[in-house]
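Engineer: Sequence and predicted structure, then a few things I'm wondering about:
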Amino acid sequence: MQEFLKAGLISESHSPYAAPAILVKKKDGSYRFVVDYKKLNLITIKDSSPLPNMEDTIRKLGQCYNYFSKLDLKSGFYQIPINNADKAKTAFVTPFGLYQFNVLPMGLKNSPPTFQKVMTDTLKSCRKFSLVYLDDIIVFSKSFDEHLYHLERVLLALQTKHLILNPPKCVFATNQIDYLGHTISQRHITPMKEKIEAILQIKEPRSLAQANKFIGALSWYRKFIPHFATIAAPIHAVTNLTKDKRHKFKWNYAQSKAFHDLKRMLITEPLFLHYPVEDVSLMLTTDASGIGIGGVLQQEVNGEVHNLYYHSQLMTPCERKYSAIEKEALAIYKCFARMRTFMLGRNIILRTDHCPLCHIMEKTVRNARVDRITHLIQEFNIDKVIHIKGRENCLPDFLSRYSNENNDDLFEIDYGLESKDNSNTLISSPSKLIPTSSSSRDNKTFCTNS
């Protein structure tokens with residue numbers, strides 16, 4: 001708190017608003033400060049400012065540029081001041097009193113679009129050779145000398161608005177760069193392998209049980225995969241065995257070809273999209289098993305479901321000891337963290353087969369670990385949480401049971417999810433909530449000085 005006060009990020013408050021706050025222990029032993037703005041977000045009018053079109057952004061880079069630089073702001077949200085009239089709405093409770101933010105806080109539903117507008121305005125004079133998508137800034141040029149000039153222009157524009165970079169996370173003058181889920185170079189633009197890694201790593205079945213689970217995982221997609229029955233016929237031929245003939249199961253060339261054909265359809269158009277369609281909600285479906293988590297990001301366009309991202313990950317030994325609701329919440333969190341670039345600023349429908357999680361964005365679950373996870377996904381625009389039947393959750397369920405080792409630095413200790421001890425300190429309880437007596441429209445908006 002003293003560091004925030006000294007830096008001018010917060011100030012003492014006399015606001016009628018009061019949100020609970022927690023400290024989440026990081027991997028290095030320090031703490032991450034998180035405020036639960038769940039109640040404030042429920043009465044906030046959504047900022048409908050559109051994000052840049054991801055497909056157009058990527059295509060603009062496919063014009064034979066030779067040099068790329070990627071810039072990262074240091075605590076970007078905390079560099080954006082907010083209107084004096086709005087500061088009181090950000091108030092939060094601590095053991096030392098009531099405080100409010102002077103800068104854009106994490107966790108507010110309108111923080112990402114507000115940040116995007118500020119950055120777009122800051123770099124509008126550099127738009128011919130730079131792109132900004134939320135907190136990702138990229139500078140591109142055809143020659144090295146030109147690139148140095150472009151970098152200077154961008155850095156001067158940032159300096160004019162007193163925006164500070166985070167040097168360790170910046171990449172300068174490289175011939176290939178990862179940006180918005182794609183690997184970009186002079187010769188080609190390809191989707192990053194991590195989007196489809198979970199599918200690529202699925203190994204061929206070696207038993208009847210494994211073959212049945214694979215074909216069952218894809219059954220939900222049969223109406224979206226042309227000629228699904230024909231392609232899958234060789235696999236069905238060796239799985240539709242009576243109990244007394246199961247010992248005759250054989251996996252030969254025909255089954256292997258069908259297996260790889262079905263996998264290929266999952267990661268190629270039209271079932272798989274490289275870019276999300278604008279103005280269409282995203283659907284995130286997740287699941288957890290005893291050993292891992294799985295998730296699929298999708299969009300329904302003109303009555304057809306298309307996949308955007310697959311994620312599969314083994315749980316750590318500590319995570320495997322979680323209760324069922326904690327494992328399911330962990331699956332939700334890790335998918336959000338992995339797919340953040342695709343999901344931030346977009347409308348999201350969350351789908352889960354674990355009914356107790358259907359109201360996590362509206363009220364506390366009375367489980368410390370689940371509530372901490374809820375705080376960490378506040379920045380996303382989750383329109384609703386839908387319960388689906390287990391039989392409709394086939395592919396995420398399959399991915400969670402056939403998860404791969406994934407050292408993605410999203411370990412539970414990094415986000416304070418490792419145990420139920422005192423390593424995560426509760427600063428305040430949600431007993432003091434946002435006032436409901438005010439009828440002013442101003443109390444339902446949140447804006448910033450840009």
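Structural biologist: Thanks, I have the structure now.
Engineer: Give me the distance between G295 and E12.
Structural biologist: Distance, G295 to E12, by C-beta to C-beta, to the nearest Å: 42 Å. Heads up, the C-betas are built off the backbone N, CA and C, glycines and all.
Engineer: Those two: which is more packed in?
Structural biologist: A count of neighbours by other C-beta atoms under 10 Å puts G295 above the other of G295 and E12, at 27 against 11.
Engineer: Using the three-state scheme, assign the closest residue to G295 other than its chain neighbours.
Structural biologist: Leaving aside its chain neighbours, G295 sits nearest to C335 (3.5 Å; criterion: C-beta to C-beta, 6 or more residues apart in numbering). Going by DSSP: H, G, I helix; E, B strand; the rest coil, the secondary structure assigned to C335 is helix.
Engineer: Burial check on C335, number of neighbours?
Structural biologist: Neighbour tally, C335, other C-beta under 10 Å: 28.
Engineer: For the protein, just list every one of the helices.
Structural biologist: For the chain, the helices defined by DSSP state H cover 2-7, 38-42, 54-60, 84-87, 111-122, 144-160, 197-200, 208-218, 228-239, 253-266, 324-338, 340-343, 368-376, 394-401.
Engineer: Check what contacts the third one and list those residues.
Structural biologist: The contact list for helix 54-60, computed with C-beta atoms under 8 Å, 6 or more residues apart in numbering, reads L131, Y133, Y179, L180, H182, I184, I189, H274, Y275, P276, F342.
Engineer: Which one of those is nearest to P205?
Structural biologist: Distance to P205 across the contacts of helix 54-60 (C-beta to C-beta) is lowest for H274, with 28.5 Å.
Engineer: what bridges to V34?
Structural biologist: Listed by DSSP bridges, the beta-bridge partners for V34 are I22.
Engineer: Burial check on it, number of neighbours?
Structural biologist: 23.
Engineer: Give me the pLDDT value at it.
Structural biologist: On pLDDT, V34 comes in at 85.
Engineer: Who are the contact partners of it?
Structural biologist: Neighbours of V34 in contact, by C-beta under 8 Å, 6+ apart: A21, I22, L23, V24, M106, G107, R372, H375, L376.
Engineer: least confident pick among these?
Structural biologist: V24 (74).
Engineer: any idea how far that one is from R32?
Structural biologist: Counting by C-beta to C-beta - V24 and R32 are separated by 4 Å.
Engineer: Check D135 too.
Structural biologist: 17 Å.
Engineer: So the two - more neighbours on which side?
Structural biologist: Set D135 next to R32 and count neighbours by other C-beta under 10 Å: D135 wins out with 20 against 16.
Engineer: Relative to D36, how far out is that one?
Structural biologist: 22 Å.
Engineer: who's in contact with the residue nearest to P205 when sequence neighbours are not counted?
Structural biologist: In this structure, P205 finds its nearest non-sequential neighbour in A211, 3.9 Å apart by C-beta to C-beta, 6+ apart. Contacts for A211 (C-beta under 8 Å, 6+ apart) come out as P205, I235, V238, T239, F249, W251, Q255.
Engineer: Show me which pair in those residues is furthest apart.
Structural biologist: I235 and F249 (11.0 Å).
Engineer: Show me the one of the helices of the chain that comes nearest T352.
Structural biologist: Per C-beta to C-beta, nearest to T352 of those: helix 324-338, 6.2 Å.
Engineer: In CSV, could you pull the C-alpha coordinates for that closest one?
Structural biologist: Output in CSV follows, covering the C-alpha atoms of helix 324-338 (Å, rounded to 0.1, in the frame of the first residue of the first chain):
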residue,chain,number,x,y,z
ALA,A,324,-13.8,-31.0,-8.0
ILE,A,325,-15.0,-27.4,-8.1
GLU,A,326,-11.5,-26.1,-7.6
LYS,A,327,-10.2,-28.2,-10.6
GLU,A,328,-13.0,-27.0,-12.8
ALA,A,329,-12.3,-23.4,-11.8
LEU,A,330,-8.6,-23.9,-12.4
ALA,A,331,-9.4,-25.1,-16.0
ILE,A,332,-11.4,-22.0,-16.6
TYR,A,333,-8.6,-19.7,-15.3
LYS,A,334,-5.7,-21.4,-17.2
CYS,A,335,-7.7,-21.3,-20.5
PHE,A,336,-8.4,-17.6,-20.0
ALA,A,337,-4.7,-17.0,-19.2
ARG,A,338,-3.5,-19.0,-22.2
